[in-house]
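Asker: after the sequence you'll find the predicted model.
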Amino acid sequence: MEIPLLRYQNLALDQIQSASSFRLSFSDPKFFGHRSLSLFSGYCFPLNIRKWRNRLPHIRCSSVEQELKPRPKPIPSKIEVDEPKPTPLEDTHVVKRNSGLCSQIEKSVLYKRYREAFELFEILEFEGGYELASSTYDALVSACISLKSIRGVKRVTNYMISNGFEPDQYMRNRVLLMHVKCGMMMDARRLFEEMPERNLVSWNTIIGGLVDSGDFMDAFQLFLDMWQEFSDGGSRTFATMIRASAGLGLIFAGRQFHSCCLKMGLGADIFVSCALIDMYSKCGNIEDAQCVFDEMPRKTTVGWNSIIAGYALHGYSEEALSMYYDMRDSGVRMDHFTFSMIIRICARLASLEHAKQAHAGLVRHGFGLDIVANTSLVDFYCKWGRIEDARHVFEQMPLKNVISWNALIAGYGNHGRGDEAVEMFEKMLQEGMVPNHVTFLAVLSACSHSGLSERGWEIFESMSRDHKIKPRAMHYACMIELLGREGLLDEASALIRSAPFNPTANMWAALLTACRVHENLELGKFAAEKLYGMEPEKLSNYVVLLNIYSSSGKLKEAASVVQTLRRKGLRMLPACSWIEVKKHLHIFHSGDKSHSETREIYQKMDDLMIGITKHGYIPEEKHLLPDVDEHERRSFYHSEKLAIAYGLISTADGTPLQIVQSHRICGDCHSAVKLIARVTGREIVVRDASRFHHFKDGSCSCGNYW
């Protein structure tokens, strides 16, 4: 099939010069400097084409994995042989060996008892002067890599130097890999530059380390140097450089690596295919990623995970979920990463039933104790109102990391259960877990949502004093909200001015919300003007100020805000609420009459209005928040009220209802739902654009501050 030639800006490409040489010229000094060497042709990867015929002889290159396999370990001798003493005519230097201790070190590593191996190695270090075989050093390198121990790397390296060990090419590559895997890239670069001889394994190791550490430009530079020296590469080499292209967002470079792989007969390689799917996805071309996936002769777990992650990355959650079910039906083994992704996708889709199925699959496939997947479950259950389920999953986890704790603490905070959030934070400290800035954001947000002023200030002050964590703008925003909740607007304004950095939009937004709740027109106008300068196209900033003017009777000023919105082309969005009943989502808009049970819904709504009016309900019109259109303002039947009415007629008495809505709940609906929860005896959970509202017995968990 004829392949079209594609030339890119800042990238000069020539035709293939010979059957064994490709040509590439990266001419943009911004990315690659002025280098030109044989690598690629100018051919571009076409989509939906027949497989290319291999125009070149099959090139077989050593890969990192092939040459870095540990050497076969000799069977340790159980008999210690005395070394012959040197004669007076021989060198008087005595070489000490301890074959028994060395064999124990190698056995410990073989059985993955790495710390025990280092304890034995410490004996050799203490006595000093022992000559170790290459196999023992190889075992110690494996222990360092497995433990990611920088201290271990330094100990092994120093011992090699002090005892005059002369490594061969294999061991030099192993030592280089040890430094790379432990994140010691500066030392790794120095070792690489000092190597007397470098093969493809050496180059692949250092280039892979640079890509893993995010130094994509340096990786490209070294790749060009390598190609100039060898004009050769294997599937791992190209897979690594495709990942570097993805890291830089350079789809044109990724396409040409793809083209080169096809010409070299590497197009069907699993590593290359998975790297290409990831690259095209991250560069915004999900269609090409799907094409590569379809062309894979054998679809592996990593391949399925890559394409599912690609769809999820671009917001195609339903397509990602469909791909997950295709993966399940294909019989390919799923791993913990698969389930973690699906749980996050279910959180985005607000699909509790799908999440429950993923949870069951997680347990069924033997990942019930996996820390990553279970942390995703905790986060999901917290985000969708199942805080008790989240706590149960958390308690069943045998190992917990700081992310697990953060997810549960944030969940309690979002649900207005600040006391439990603080309790979990204190328990976290008692168990020796070191908090990070996200931990403090979660617990301070919980304090601000629940009005725990005194405890919040204690935790805020302990950040830098006890934990050496410098407060960031988001932590200050929580404290501003805490002050605003108590009506201390002057103090909140002073805190903004005293911050050790320029105030952020979140800080001014917290002050603006406080001004709206406490109807402080002047300060609210000042905060809104600050926000306009930072986020001139953000609709909610204008809407909050519009509500401040409307509630204060400043109709002229309110009209001015409306005119500003029209001039900027900003339009208030139609409000939308939905409820899941019997595994089906039911979506409502304000005044919606498209539902098949519209008559029953409106009849139930009228009955509810009569019932709550007897308990003191009076319709409000001055607080309609925030991003709702004019139809929402004119309509009495707001979307959240219709969703609740449908939930009441579609579920058994006493069943809790959970509503999700696209906007922040308005003051009228907030008052109405509190009374609906009282007269029906139901618990109603509303997740709006601000937080969770738990309505029960005539009150809300937000304390009327949102």
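Answerer: Received, thanks. Numbers count the residues shown, from 1 in each chain.
Asker: need the contact list for the closest residue to residue 424 other than its chain neighbours.
Answerer: The shortest distance from residue 424 to any non-neighbouring residue, by Cβ to Cβ, 6 or more residues apart in numbering, is to residue 409 (5.1 Å). C-beta coordinates here come from the backbone N, C-alpha and C atoms, glycine included. Neighbouring residues of residue 409 by Cβ atoms under 8 Å, 6 or more residues apart in numbering: 421, 424-425, 428, 439, 442-443, 446.
Asker: ok, now with 10 Å
Answerer: Taking Cβ atoms under 10 Å, 6 or more residues apart in numbering, we find residue 409 in contact with 382, 420-425, 427-428, 435, 438-443, 445-446.
Asker: is it in a helix, a strand, or coil?
Answerer: With DSSP: H, G, I helix; E, B strand; the rest coil as the basis, residue 409 sits in helix.
Asker: mind checking how far residue 103 is from residue 111?
Answerer: Relative to residue 111, residue 103 is positioned 13 Å away (Cβ to Cβ, to the nearest Å).
Asker: between the two, tell me which one has more neighbours.
Answerer: Between residue 103 and residue 111, residue 103 has the larger neighbour count (other Cβ atoms under 10 Å), namely 20 against 10.
Asker: just the CA atoms of the helix or strand that the more buried one is a member of, as CSV, please.
Answerer: Secondary structure from DSSP states H and E places residue 103 in helix 99-110. Listed next in CSV are the C-alpha coordinates belonging to helix 99-110 (Å, rounded to 0.1, in the frame of the first residue of the first chain):
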residue,chain,number,x,y,z
SER,A,99,32.5,-18.5,50.7
GLY,A,100,30.0,-19.6,53.3
LEU,A,101,28.8,-16.1,54.1
CYS,A,102,28.7,-15.2,50.4
SER,A,103,26.5,-18.2,49.6
GLN,A,104,24.2,-17.3,52.4
ILE,A,105,23.8,-13.8,51.0
GLU,A,106,23.0,-15.2,47.6
LYS,A,107,20.5,-17.6,49.0
SER,A,108,18.8,-14.8,51.0
VAL,A,109,18.4,-12.8,47.8
LEU,A,110,17.2,-15.8,45.9
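Asker: by contact count, what packs against that helix?
Answerer: helix 114-127, helix 134-147 (3 or more Cβ pairs under 10 Å, 6 or more residues apart in numbering; DSSP states H and E).
Asker: okay, the angle between whichever helix or strand comes after the last one and helix 134-147?
Answerer: From helix 134-147 onward toward the C-terminus, using DSSP H and E, the following helix or strand is helix 150-162. The directions of helix 150-162 and helix 134-147 differ by 160 degrees, with axes from the mean of the first three to the mean of the last three Cα atoms, to 10 degrees as the criterion.
Asker: what is the helix or strand that helix 150-162 is followed by packed up against?
Answerer: Sequence-wise, the next helix or strand downstream of helix 150-162 (DSSP H and E) is helix 169-181. Secondary-structure packing of helix 169-181 (3+ Cβ pairs under 10 Å, 6+ apart): helix 64-67, helix 134-147, helix 150-162, helix 185-194, helix 200-212.
Asker: of all these, which one is nearest residue 355?
Answerer: Closest to residue 355 of the helices and strands packed on helix 169-181 is helix 200-212 (Cβ to Cβ; 31.9 Å).
Asker: same for the helix or strand following the closest one, what does it pack against?
Answerer: Sequence-wise, the next helix or strand downstream of helix 200-212 (DSSP H and E) is helix 216-230. Helix 216-230 sits against strand 24-26, strand 35-37, helix 185-194, helix 200-212, helix 235-248, with contacts defined as 3+ Cβ pairs under 10 Å, 6+ apart.
Asker: just put those in TSV and tack on distance to residue 298.
Answerer: Below are the helices and strands packed on helix 216-230 laid out as TSV (distance: least, Cβ to Cβ, whole Å):
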stretch	distance to residue 298
strand 24-26	30
strand 35-37	34
helix 185-194	34
helix 200-212	24
helix 235-248	14
